[in-house]
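*Asks:* Any chance you can model this:
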Amino acid sequence: MRCLVTGATGYLGGRLVPELLAAGHQVRCLVREPARLRDHPWRGAVEVVAGDVTRGGTLDGPFDGVDVAYYLVHSLGTGPDFEAVDRDAARAFGRAAARAGVRRIVYLGGLVPRDVPEGQLSPHLRSRVATGRALREGGVAVTELRAAVVIGSGSASFEMLRHLTERLPVMVTPRWVDTRIQPIAVRDVLRYLVGAAGLPDGPDTDRVFDIGGPEVLTYRAMMQRYARAAGLRRRLILAVPVLTPGLSSQWVGLVTPVPGGLARPLVESLRYEVVCAEHDLARWIPDPPGGAIGFDRAVTLALRRIRDDEVATRWSSAALPGAPSDPLPTDPDWAGGSLYQDVRERHVDADPQALWQVVEGIGGEHGWYSFPLAWWVRGALDRLAGGVGLRRGRRSPGRLRVGDSLDFWRVEEIEPGRLLRLRAEMRLPGLAWLELTVTPEGAGAHYRQRALFHPHGLAGQAYWWSVAPFHAVVFGGMARNIAARAERR
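*Replies:* Below is the predicted model of the structure:
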């Protein structure tokens, strides 16, 4: 069966593709930037086409010959108009699928309470429901799977749970900490998604299905059981009624890597009891021997993946919108605009491979090798401005690939052993990159570090010149310390 997967650069899409291949399906990936799939281990086994669900004119060709189309994209956390963006994109996707004769669309939405009117749902859950409805407007059968909290290494929900529990032995929490939730392991989500490709045609499968794990828990219980699985002491959790969703999301953004723009819709959704009302999908996709994965085992599996450096995708895998059309620092013509640079070079008395290992390991827990307070302040200011901040970390402690998030950067290009180019995703009045280059030089290596900034208007010019006095400390110290670390290796 030929399957089209959207969101292949994201958390679930990037994990679904190899599962579909293992099940014997042919896979075509629809992505805005095909280059971002270049380093995935399954890239050579799939067809990749360029397209953007928010631009309907790019959607006609990708559906040719497709039997089942997976819709795994959303605009959560990208701005106040994300509901309209999601609805319009889903409508265009559904109509393009209908024109091409696609047999089925499989869509993963959010589990919603059945006793709450749609108009009273949080914007996030309301958008998930509206997206499923918009996909159906084209007339193609839609199998809509609705899940609550997904437990798996790298998921935003799991990262939020993990960091809150690990960093706060004593917590003052909102009332939603006692809301009942039916979490589901990411492995079971993938099992249902793969199985949905083989569902029979007909009204029985052209509908909404609830999917969940075997247990219903409160968020308080989930934190306590995570603590036990992680070998931590029991947490002291005090629920108070005064923390609004806005304040709660700021608190989550302060403590966890999940930025406030993404934390708020997640937190707002936790106000509702989300428990499966049916398990009808088991008629066609039966539970495995022993049943679905329980919460404790899902946490154990996720922690093992993190410990063994086997996190395939992460919540931050999806890039911020807008970047694909931006110019590159290698573009020869900047239409008369400014391109400011800060260049640092030095000889390193170390093997080029040792230097490259330091370069590829930059960021995350290793930090940025200079003036940690300055980097922390810049990240905090970005969070206050609604940006991603510095704490997104890395997917892998020692390995990078194109498209990976790296604190408030995104890996735009990587040539192993030679070049790492990062594009800034913090809030800036312009575009910024950081290039780190390693070349052999005599018995050692040559290190070149280049920070680039393309200002937007007067605000961009003012920004560059206001931070320029700190470059000697930040970027100069960074070059010295990277070289010193490589030499110590």
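*Asks:* and this protein, what are its domains?
*Replies:* The record assigns the chain these domain ranges, following automatic domain parsing: 2-315, 328-488.
*Asks:* Could you export those as JSON lines, including mean pLDDT and mean neighbour count?
*Replies:* To be clear about C-beta, it is placed using only N, CA and C from the backbone, and glycine gets the same treatment. Formatted as JSON lines, these follow (pLDDT from 0 to 100; neighbours: other C-beta atoms under 10 Å):
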{"stretch": "domain 2-315", "mean pLDDT": "89", "mean neighbour count": "19"}
{"stretch": "domain 328-488", "mean pLDDT": "88", "mean neighbour count": "17"}
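*Asks:* Run through who's touching the host helix or strand of G379.
*Replies:* For G379, the host element (DSSP states H and E) is helix 372-384. By C-beta atoms under 8 Å, 6 or more residues apart in numbering, the surrounding residues in contact with helix 372-384 are 253-254, 259-260, 367-368, 388-391, 407-408, 426-427, 470, 473-474.
*Asks:* what about P286, distance to T143?
*Replies:* 16 Å (C-beta to C-beta, to the nearest Å).
*Asks:* is the spatially closest residue to H279 that is not a sequence neighbour in a bridge, and if so with what?
*Replies:* Residue nearest to H279 in three dimensions, not counting chain neighbours: D210, with 7.3 Å by C-beta to C-beta, 6 or more residues apart in numbering. Using DSSP bridges, the bridge partners assigned to D210 are R146.
*Asks:* what do you get for R28?
*Replies:* The partner residues for R28, given DSSP bridges, come to L4, E47.
*Asks:* my read: it touches V48, true?
*Replies:* Yes: in this structure, R28 is within contact of V48 by C-beta atoms under 8 Å, at 7.4 Å.
*Asks:* Now for these two: what residues contact both?
*Replies:* Taking C-beta under 8 Å, 6+ apart as the contact rule, R28 and V48 touch no residue in common.
*Asks:* hey, where'd the helices end up in the stretch 201-350 of the chain?
*Replies:* 219-229, 245-255, 260-269, 295-307 (DSSP state H, counting those that start in this stretch).
*Asks:* for the ones you listed, which one sits closest to D67?
*Replies:* helix 295-307 (30.8 Å; C-beta to C-beta).
*Asks:* tell me the contacts of V208?
*Replies:* G109, G132, E144, R146.
*Asks:* Give the full set of residues in contact with the third one.
*Replies:* This means E144. By C-beta under 8 Å, 6+ apart, the neighbours of E144 are Y107, L108, G109, G132, L135, R207, V208, F209.
*Asks:* again, but for the first one
*Replies:* The neighbours of G109, taking C-beta under 8 Å, 6+ apart as the test, are R128, V129, T131, G132, E144, L145, R146, A147, V208.
*Asks:* what distance separates stretch 44-57 from the centre of its chain?
*Replies:* 18 Å (C-alpha atoms, centre = their mean, to the nearest Å).
*Asks:* And it, end to end?
*Replies:* Stretch 44-57 has an end-to-end distance of 27 Å (C-alpha to C-alpha, to the nearest Å).
*Asks:* just stretch 391-401 next, same as before
*Replies:* With C-alpha to C-alpha, one end of stretch 391-401 sits 19 Å from the other.
*Asks:* ok now that stretch, how far from the chain's centre?
*Replies:* How far stretch 391-401 lies from its chain's middle: 12 Å, per C-alpha atoms, centre = their mean.
*Asks:* Same question for stretch 255-267.
*Replies:* Taking mean C-alpha positions (C-alpha atoms, centre = their mean), stretch 255-267 and its chain are 12 Å apart.
*Asks:* same thing with stretch 130-150?
*Replies:* 21 Å.
*Asks:* With stretch 275-285 instead?
*Replies:* With C-alpha atoms, centre = their mean, you get 28 Å for stretch 275-285.
*Asks:* For that stretch, give the distance from the opening residue to the closing one.
*Replies:* Span of stretch 275-285 from end to end, C-alpha to C-alpha: 19 Å.
*Asks:* Same check on stretch 382-395?
*Replies:* 21 Å.
*Asks:* related to what we said a few turns ago, okay, the contacts of E144 in JSON lines with distance to A23 next?
*Replies:* Output for the contacts of E144, formatted as JSON lines (distance: C-beta to C-beta, whole Å):
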{"residue": "Y107", "distance to A23": "19"}
{"residue": "L108", "distance to A23": "17"}
{"residue": "G109", "distance to A23": "22"}
{"residue": "G132", "distance to A23": "24"}
{"residue": "L135", "distance to A23": "23"}
{"residue": "R207", "distance to A23": "23"}
{"residue": "V208", "distance to A23": "23"}
{"residue": "F209", "distance to A23": "19"}
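*Asks:* Mind checking which of the residues you listed are in strands?
*Replies:* Judged by DSSP state E, these include Y107, L108, G109, V208, F209 as members of strands.
*Asks:* V311: which of the residues you listed is nearest?
*Replies:* The shortest gap between V311 and any of the ones in strands among the contacts of E144 belongs to L108, at 19.7 Å (C-beta to C-beta).
*Asks:* Contacts only, for the closest one.
*Replies:* Counting by C-beta under 8 Å, 6+ apart, the residues that L108 touches are L12, Y71, L72, E144, L145, R146, A147, V189, L193.
*Asks:* before we move on, what about C276?
*Replies:* C276 is in contact with L111, Q182, D210, I211, G212, counting by C-beta under 8 Å, 6+ apart.
*Asks:* From what I see, I293 and R191 are in contact.
*Replies:* No: contact criterion C-beta under 8 Å: I293 and R191 do not qualify, at 9.3 Å.
*Asks:* Not counting sequence-adjacent ones, nearest residue to D178?
*Replies:* T218 (5.0 Å).
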